[in-house]
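S.K.: Need a 3D model of the following:
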Amino acid sequence: MKDIAPQLDWISRLVAFDTTSSRSNFALIEDIEQYFAGFGIETYRVENDERTKSNLYAVVGPHVAGGVVLSGHTDVVPVTGQDWDTDPWRVVEKGGKLFGRGVADMKSFSAIGLSLVPEMLNAGLKRPIIFALSYDEEVGCIGAPRMIAELVKTTPLPSAVIVGEPSSMKVIDGHKGISSFRVTVTGYTTHSSQTDRGVSAVEAAARLIAKIADMRALRAASADPQSPFEPPYSTMTVNVAHGGTQLNIMAGEAWFEWDLRVVPGDSFDEIVEEFTDFAKGVEAEMRTKAPGCRVEILQMTNVPFLAPSPANPAADLAKSLTGKNSTDVVAYAAEAGQFQEAGLSVVICGPGSIDQAHQANEFITVDQVREGTKFIRKLIEKLSAA
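M.R.: Numbers count the residues shown, from 1 in each chain. Predicted coordinates:
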C-alpha cells in the first residue's frame, strides 16, 4: 500500500481525534491549522456561540472565482454501546479494509484531500481548491450554515461544491431533507381510578404518534413509482418516547421525538401544518377537562433537501472525474442541501459505503481510498489546466 501511504497516514491522523459530536473538535482543527500554516496557507475559523467547536475553511491556490469546495464534517457518532473488535480511535488494516470510527463517515475524504495539498501547490492551480470542514453534522447539520455564509461572503464564487459523504464514489445529485421535532404533552394527574377527572399525557401522545404513522401511510399509498428515492415518498417516524411515572397514576407528562424526511418537490410546510393542526385539536380536547393541559412542538433541526437538477455543473464535474455517465439520489440528509440553498452547485461524491456509517467495526476498503485519491488528483489536474 505504498502508493497511498500519505493518505493512510492522514486517515489514521484524523481518526485518532475523538470528535464525537458531544465533544469539542478543537484539537483536530488546531492540527489542521498548523498543517496549512506550514505551507503558508491562511485558514479561517467559524466557531459556535459557546466557542467549544469550530468550522474551518482554507483556500489552496489563487483567490479567484471558479474554484471547487471539498466539504467534509469533522464529527463522528458515538461508539458507546457498540461491540468493536479493535480500538475505534486507531486505524487497523485487515484484509484490505481499514477499521476505525469515521473512516467511512467521513474522515477518509478529508484525509485524502489534506494529504494531497503538496500536490495541489506544486501543480500550479489556476482555480482554487477550498477545504470546508464543519462541526456537528451528525446532530442535525448545525455547524455548516454559518461557515457557508462566511465562505460565500469572503471567497470568490466557487463553481462547484463536492460533499464527500460516503457514496462508493457514485455521483449523488439529490438527497432528502430532514427535520426533527420534540413534542411535549402536559396532562392532568389523578389516581387512575378517576379517569373522568384526569387527562393522561401518554394517551394524548399516543394519538399524536398514531397521526404521524397515518401521515406516512397515506404518502406511501400515493407515492410516485417513478421517484428515484427509496422509499419514494416523504417519511416520518417516532423512535423515542417517554411518559408517565406509575401504572396507577394518570400520566402528567409525556414526550416523544420524531423525524421528517422530505423528498424534493414535497412541501415541508404542508406536512408540519397538518400535524400541528391535529395537535391543536388534541390539546383543545384535553383542555375541556383541565385548562392547564398543553401540547408543545419544538423543532430541533431543519436540513433542506438537495434537489436534483438537469443543469448541475458540480454533477457534471464529478461525472467527468469518475468516468460515470449517470447520477443517483440518496435517502439520508447531508450538508449538500445547505450549500445548494446558498446558491451553489453541489454534488455528493466520496469514498466508502454509507452501509458502514455509524456501525460497530466501521470500515472503508483500501480500494475505495485509492479511488478517492485518483478522484482528487484528477480534480487537481483539471483545475491546473489553462
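
S.K.: Check residue 265 and give its pLDDT.
M.R.: Residue 265 carries a pLDDT value of 87.

S.K.: OK, contacts around it?
M.R.: residue 307 (CB atoms under 8 Å, 6 or more residues apart in numbering). (Glycine included, C-beta is placed from N, CA and C.)

S.K.: Quick check: the gap between it and residue 305.
M.R.: Applying CB to CB, to the nearest Å, the value for residue 265 to residue 305 is 9 Å.

S.K.: now swap in residue 238 and tell me
M.R.: 21 Å.

S.K.: residues contacting the residue sitting nearest the centre point of the chain?
M.R.: Closest residue to the average C-alpha location of the chain: residue 334 at 3.6 Å, with CA atoms, centre = their mean. Going by CB under 8 Å, 6+ apart, residue 334 touches 137, 141, 163, 165, 175, 303, 306, 348.

S.K.: One more pass at 10 Å, please.
M.R.: When contacts are counted by CB atoms under 10 Å, 6 or more residues apart in numbering, residue 334 touches 71, 73, 106, 137, 141, 144, 163-165, 167, 172, 175-176, 178, 303, 305-306, 346, 348, 350, 354.

S.K.: And for residue 18?
M.R.: Residue 18 neighbours (CB under 10 Å, 6+ apart): 24-25, 27-28, 76, 78-79, 88-89, 101-102.

S.K.: Can you classify it by secondary structure?
M.R.: Here residue 18 is coil, with the state taken from DSSP: H, G, I helix; E, B strand; the rest coil.

S.K.: Please identify every residue contacting each of residue 265 and residue 305.
M.R.: Common neighbours of residue 265 and residue 305 (CB under 10 Å, 6+ apart) are residue 234.

S.K.: The nearest residue to residue 105 once chain neighbours are set aside: how many residues sit nearby?
M.R.: In this structure, residue 105 finds its nearest non-sequential neighbour in residue 357, 3.7 Å apart by CB to CB, 6 or more residues apart in numbering. Close neighbours of residue 357, defined as other CB atoms under 10 Å, add up to 19.

S.K.: Could you tell me the per-residue confidence at residue 357?
M.R.: Residue 357 carries a pLDDT score of 95 in this model.

S.K.: so who does it touch?
M.R.: By CB under 10 Å, 6+ apart, residue 357 lies in contact with 76-77, 102-106, 138, 165-166, 332.

S.K.: Show me which of the contacts of residue 334 are buried.
M.R.: Buried by 16 or more other CB atoms under 10 Å: 71, 73, 106, 137, 141, 144, 163-165, 167, 172, 175-176, 178, 303, 305-306, 346, 348, 350, 354, out of the contacts of residue 334.

S.K.: Could you list which of those residues belong to helices?
M.R.: residue 144 (DSSP state H).

S.K.: about what we covered before: of the contacts of residue 357, closest to residue 320?
M.R.: Nearest to residue 320 out of the contacts of residue 357 is residue 165 (CB to CB; 19.6 Å).

S.K.: That closest one: what's it in contact with?
M.R.: Applying CB under 10 Å, 6+ apart to residue 165 gives the contacts 71-73, 104-106, 109, 137, 172, 175, 330, 332-336, 348-352, 354, 357.

S.K.: Equivalent analysis for residue 282, please.
M.R.: Shown in contact with residue 282 (CB under 10 Å, 6+ apart): 185, 203-205, 207-208, 211, 293, 295.

S.K.: Okay, and which of those residues map to helices?
M.R.: Assignment to helices by DSSP H places the following of the contacts of residue 282 there: 203-205, 207-208, 211.

S.K.: Reformat the residues you listed as CSV; add distance to residue 2.
M.R.: Output for the ones in helices among the contacts of residue 282, formatted as CSV (distance: CB to CB, whole Å):
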residue, distance to residue 2
203, 65
204, 64
205, 59
207, 63
208, 58
211, 59
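
S.K.: if we take the residues you listed, which one ends up nearest to residue 279?
M.R.: Nearest to residue 279 out of those is residue 208 (CB to CB; 6.0 Å).

S.K.: Where does the prediction get shaky in the stretch 51-200 of the chain?
M.R.: The model of the stretch 51-200 of the chain has no residue with pLDDT under 70.

S.K.: Would you mark the buried spots in the helix or strand hosting residue 275?
M.R.: For residue 275, the host element (DSSP states H and E) is helix 268-287. Neighbour-count burial for helix 268-287 flags 271-272, 275, 278-279, 282-283, 286 (criterion: 16+ other CB under 10 Å).
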